[in-house]
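Participant: using only what follows, build the 3D model:
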Amino acid sequence: MRVALTGTSGFIGAATARALAIAGHEVVGLVRPTSRRNHVKNAVSRFVVGDQADRASWSNLLEGAHALVHNSLDRGALDRSDLEAHLSSNLVG
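Facilitator: Numbers count the residues shown, from 1 in each chain. Model (predicted):
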């Protein structure tokens, strides 16, 4: 199964990518341009560079996917206590 994964480079995302790959799934990982990837490169078949809130990256991430694991978080919206930004970025994204 091809699984699209947001937050691939983070602690939980990397562990999720490895677990999915070990289980035999193909992982397509969404990462920010500044995210390190070397620690998960063996578990991810393809990286999509973008942001969860950037609709332009969605089609590339979801192409051929059978499932989506949404694991990323825009922490800035939470730190600012901006509910609207939080919902827009973290829930809608």
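Participant: only the buried residues of stretch 64-81, if you could.
Facilitator: Within stretch 64-81, the residues scored as buried using 16 or more other Cβ atoms under 10 Å are 69, 71-74, 77. C-beta coordinates here come from the backbone N, C-alpha and C atoms, glycine included.
Participant: cool, stretch 36-45 as well?
Facilitator: Result for stretch 36-45 [16+ other Cβ under 10 Å]: buried residues 40, 43-44.
Participant: can you list contacts of it?
Facilitator: Contacts with stretch 36-45, where a contact means Cβ atoms under 8 Å, 6 or more residues apart in numbering, come from 5, 8-9, 13-14, 17-18, 20-22, 26-29, 31, 47.
Participant: that older thread, closest one of the buried residues of stretch 36-45 to Ser81?
Facilitator: Lowest distance from Ser81 to the buried residues of stretch 36-45 (Cβ to Cβ) belongs to Val40, with 31.4 Å.
Participant: ranges for the helices of this structure?
Facilitator: Secondary structure of the chain, counting by DSSP state H: helices at 11-22, 55-62, 75-79, 83-86.
Participant: quick one: the ones you listed as TSV, columns for mean pLDDT too.
Facilitator: Listed next are the helices of the chain as TSV, based on pLDDT from 0 to 100:
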stretch	mean pLDDT
helix 11-22	97
helix 55-62	90
helix 75-79	72
helix 83-86	74
